[in-house]
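1. Give me a 3D structure for the following:
(chains A and B)
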Amino acid sequence: MRPLTEEETRVMFEKIAKYIGENLQLLVDRPDGTYCFRLHNDRVYYVSEMILKLAANISGEKLVSLGTCFGKFTKTHKFRLHVTALDYLAPYAKYKVWIKPGAEQSFLYGNHVLKSGLGRITENTSQYQGVVVYSMADIPLGFGVAAKSTQDCRKVDPMAIVVFHQADIGEYVRHEETLT
Amino acid sequence: MGRKLDPTKKEKRGPGRKARKQKGAETELVRFLPAAGDENFKRLSSRARKRAAKRRSRSVEVSKPNKSPRTETLPGVLSKGAVQARGKKRPAPAENSDGDEEEESEEEAVANQGDLWGSEDSDADMVDDYGADSGSEDEEGKLLPIERAALKRKSREAAAGGQWSEEETDEEEDDVPPESGPPKAGKAEGDLQINVEDEEAFVLPPAGEVEQDAQAPDLQGVHKRIQDIVEVLRNFGAQREEGRSRSEYLNQLQKDLATYYSYGDFLLGKLMEIFPLSELIEFLEANEVPRPVTLRTNTLKTRRRDLAQALINRGVNLDPLGKWSKSGLVVYDSSVPIGATPEYLAGHYMLQGASSMLPVMALAPQEHERILDMCCAPGGKTSYIAQLMKNTGVILANDVSAERLKSVVGNLHRLGVTNTIISHYDGRQFPKVVGGFDRVLLDAPCSGTGVISKDPAVKTNKDEKDVLRCAHLQKELLLSAIDSVNAASKTGGYLVYCTCSITVEENEWVVDYALKKRNVRLVPTGLDFGQEGFTRFRERRFHPTLRSTRRFYPHTHNMDGFFIAKFKKFSNSVPQPHAGNTAAATPTEPELKDQVPPTSENSSQPAKRAGGAPKAKQQLGKQQHSRKPFHKMNGTSKGPSSKSTVPSVPKAQVSARPQESGQPGGKAGVKRKLKRRGPKPKSSKEAALSKHKAPPNSVDSPAVPPPSENSMAPRLKDCSQSLGITKTIEKGKQQFPGQPARRAASLKEDGAPKGPSVPTHSSARPPPAKRRKSVTKGSSQPLLS
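-> Prediction:
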């Protein structure tokens, strides 16, 4: 377990900022304690310092996870956000998409969101903007990338993809092994 | 003309419908069978019928009324003779029952001849086993095999109807004997043949006979035999068969239960030891049925009310779990897969057994604490702990299995738990890795005898070795867990040990072991329901505080079998194992931990003594219940001081005397120390003193007394006033053996100061006698030392 290098931190923050923008600051400076990111086995974990102290006693090969895993660095040093970060993205998300109940299941199976399943979308979402996907009951379902800007979404036909799927909570069941 | 079978006409549902159906089936069969009695009861009047029925019922065995109806009965068919007079309702019972009895007894008479069940067997009879069957039924002789089979079926149905069985309840004990005299010649179903003649008593088949029906165990017959044997055993004196011992009945019952419920012999034997017979059957039945699905609301993300509403909207039928749980819900049925709803995926709830919620409730974690969950997979209890702590503090979730850890990671992330570290150690490596936790939860790996309904393989693949191996592992884990708890924690110092097993070897025995080996004591779990743990079981005796542990069973609480024990650690020092020290320290004396232990052999090593003291004390405490006799012996040698509630005074007083006697100097000194040590500060002083003395004198016991005498001097003054009291108290001591603490304390003290003369229990025995004499010169108490 080690702190992130500058480069890694930059890459990761860039990725996260795509979804929550400048609210990223809130993740780092929290009123209820200091939280930090740590790298362990190519995965980035977001932990409070109190937990960090205890985790320091555990040998690296025996440590499986700590705090919340945000994602992992790939072999080519790109950062990939996992669905486990959703709890921190959702409250601070800048651009949100709500999908209809009928399209929930499809999204939870890993499919993209079609125009026919789109319920609401935040105004002035630009194309390829990172968005967080919600159900109509305001339950965060995952996140993705907007395929079309808000304006374009109004114009396209119902079978067009409006949100590219990146991660959804169905992965807890579908991809349990890849979480660690 | 009687009513004919009319399949288009449906029987009306109402009271006695079953009875009516039974009659119908019988009537059907009666048409096929040239039963001798048929003509009779067509011609008899109702009174005559009654009389005949009574005559028959006295001589005929009755199949069990509580047998489930095995065959379909044709609705709407009523027996020719009897039904006309009988109404459809049960309120016309006299005639009904009479008529029924007649039929019943007749059928029974017939049915008793062969297998009660097993159409496949009866087919075999018809085709092949003429000799076999007719051998037993030569006396009957008249019925063809097919008729016999039909009669058997009829009798079964009649028995299943059972409305009229009240007359026949008397005969339950005289059940159809599985074997009559002659046909014991090892036929496959020979042991289940029923001899019509010999129908009075349930005859237990000789042990060897039953082995033979291995190829086609007649389940119905076995079931019937089980019930028969249970009936016999219920009133053994009256209903036993002559010449048969109780153990024969029990052996047969065990074999039958093993056959009927598909258990291995070992496990069934263990269950028979734990449960009385009536409970045993219920337990076995409960294991055949799955427990209701329960889930726990994740209060970090939602409230139970909201979650229930959301799930009901999805089509799930649920209810709150009970008054004892604030976040539990029980699911009756669901139109959607309950483990895949969007609420589940969003982490609003966790599927968890009801009994798995209990250990965490017992643990009662507080916010900002450090908790260790030693065997955490799949993470249900860990997440419950986290939600009770509201994501504050730290939890270290550990498990030894890497694949199951993946599910822990998944579950904890899904449920939004952020204060957890997940590690992959063998639990026994704690506390070396990290210790000093406020609370520890140990859900130990076990043989799984409480969750047979989830995993029926446990019925057969568990063996003596498995149970003992599990117990050994659990003991090691429990000791490691105890060592990981920080007794000086401001808010904690608790450990919860739980298993999903119901065997005593894995539960009470392990807990008792821990009580002996470490400075812990049992405290109430805080669960107000559940059965208390055993304080004694067969030849074992456990500490009385084991009553505060809790056992849960599938058949009594409708949750998985579970055992929960809550410990409080009162001292961080680890008692050193000492062979000769059998002194029992009560766990309620944390102050004793600093005292020098009464280990004679090690007295020359102060360090050891210091280490031994807490252990000795603890051992004293833990073992005292089992060692009472021994203690008494030692107590006699050491004097009743150990038992006194006013230790300091009497001890001080008494200790003076041994000095005078001088001769068992060491021992006296020890005793003196014991007595002196009532008040803590004094005892610590003594400990210091004795420690000083210890190294130089392994030999010079005389050296020991003088210093103690010196230190005693001031105390004696204190004591002198209370001398009078002490005497009576000392007497009282002997009468109140329930002062183990004091005795333990005194015993410990004894050991501490004296090198060679420390009276270990083994060595103390002969000297006490001497001491007694010397000591009791002036005192009325024989045991003053």
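2. rest of the way, CA atoms for contacts and neighbours
-> Will do.
3. Next, the distance between the ends of stretch A:53-69.
-> 17 Å (Cα to Cα, to the nearest Å).
4. In that stretch, which residues are buried?
-> For stretch A:53-69, burial by neighbour count (16 or more other Cα atoms under 10 Å in any protein chain shown) applies to A:54-55, A:58, A:63-69.
5. got the CA positions of stretch A:112-129 in CSV?
-> Taking C-alpha atoms only, stretch A:112-129 is exported to CSV below (Å, rounded to 0.1, in the frame of the first residue of the first chain):
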residue,chain,number,x,y,z
HIS,A,112,-26.6,1.2,-23.1
VAL,A,113,-29.5,3.5,-22.5
LEU,A,114,-31.7,4.2,-25.5
LYS,A,115,-33.8,7.2,-26.1
SER,A,116,-36.9,5.3,-25.4
GLY,A,117,-35.7,4.6,-21.9
LEU,A,118,-34.7,8.1,-21.1
GLY,A,119,-36.8,9.8,-18.5
ARG,A,120,-35.0,13.0,-17.7
ILE,A,121,-31.6,14.5,-18.3
THR,A,122,-29.9,17.5,-16.9
GLU,A,123,-30.0,20.6,-19.0
ASN,A,124,-26.9,21.6,-21.0
THR,A,125,-25.3,18.2,-20.8
SER,A,126,-22.6,18.3,-23.5
GLN,A,127,-21.8,15.3,-25.6
TYR,A,128,-19.4,12.8,-24.1
GLN,A,129,-20.0,14.3,-20.7
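6. which other residues reach that stretch?
-> Stretch A:112-129 has contacts (Cα atoms under 8 Å, 6 or more residues apart in numbering or on different chains) with A:18-19, A:95-100, A:102-103, A:106-107, A:136, A:145-151, A:153, A:156-165.
7. For the longest helix anywhere in chain A, enumerate the helices and strands it packs against.
-> Ranked by residue count, the top helix of chain A under DSSP state H comes out as helix A:6-20. The contact analysis (3 or more Cα pairs under 8 Å, 6 or more residues apart in numbering or on different chains; DSSP states H and E) places helix A:6-20 against helix A:24-28, strand A:79-81, strand A:130-135.
8. Just put these in TSV and tack on mean neighbour count, distance to chain B and mean pLDDT.
-> Shown next, in TSV, are the helices and strands packed on helix A:6-20 (neighbours: other Cα atoms under 10 Å in any protein chain shown; distance: least, Cα to the nearest Cα, whole Å; pLDDT from 0 to 100):
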stretch	mean neighbour count	distance to chain B	mean pLDDT
helix A:24-28	14	13	86
strand A:79-81	21	14	93
strand A:130-135	27	9	94
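9. Roughly how far does residue B:489 sit from residue B:369?
-> Counting by Cα to Cα, the gap from residue B:489 to residue B:369 is 9 Å.
10. Mutual contacts of these two, please.
-> In contact with both residue B:489 and residue B:369: B:437-438, using Cα under 8 Å, 6+ apart.
11. Quick check: chain neighbours aside, which residue is closest to residue B:453?
-> In this structure, residue B:453 finds its nearest non-sequential neighbour in residue B:287, 4.5 Å apart by Cα to Cα, 6 or more residues apart in numbering or on different chains.
12. Show me where chain B dips below the pLDDT cut-off.
-> For chain B, the stretches flagged by pLDDT under 70 are B:1-7, B:9-43, B:60-143, B:158-201, B:206-215, B:578-785.
13. returning to what we had before: so which of the helices and strands packed on helix A:6-20 gets nearest residue B:48?
-> Ranking the helices and strands packed on helix A:6-20 by distance to residue B:48, with Cα to Cα as the measure, places strand A:130-135 first at 78.9 Å.
14. now that closest one and helix A:6-20, what's the angle there?
-> 50 degrees (axes from the mean of the first three to the mean of the last three Cα atoms, to 10 degrees).
15. Pairing partners for strand A:130-135, with directions?
-> Sheet pairing for strand A:130-135, assigned by DSSP bridges, gives strand A:96-99 (parallel), strand A:140-146 (antiparallel).
16. Make a markdown table out of those strands and add mean neighbour count and mean pLDDT.
-> Output for the strands paired with strand A:130-135, formatted as a markdown table (neighbours: other Cα atoms under 10 Å in any protein chain shown; pLDDT from 0 to 100):
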| stretch | mean neighbour count | mean pLDDT |
| --- | --- | --- |
| strand A:96-99 | 24 | 94 |
| strand A:140-146 | 25 | 94 |
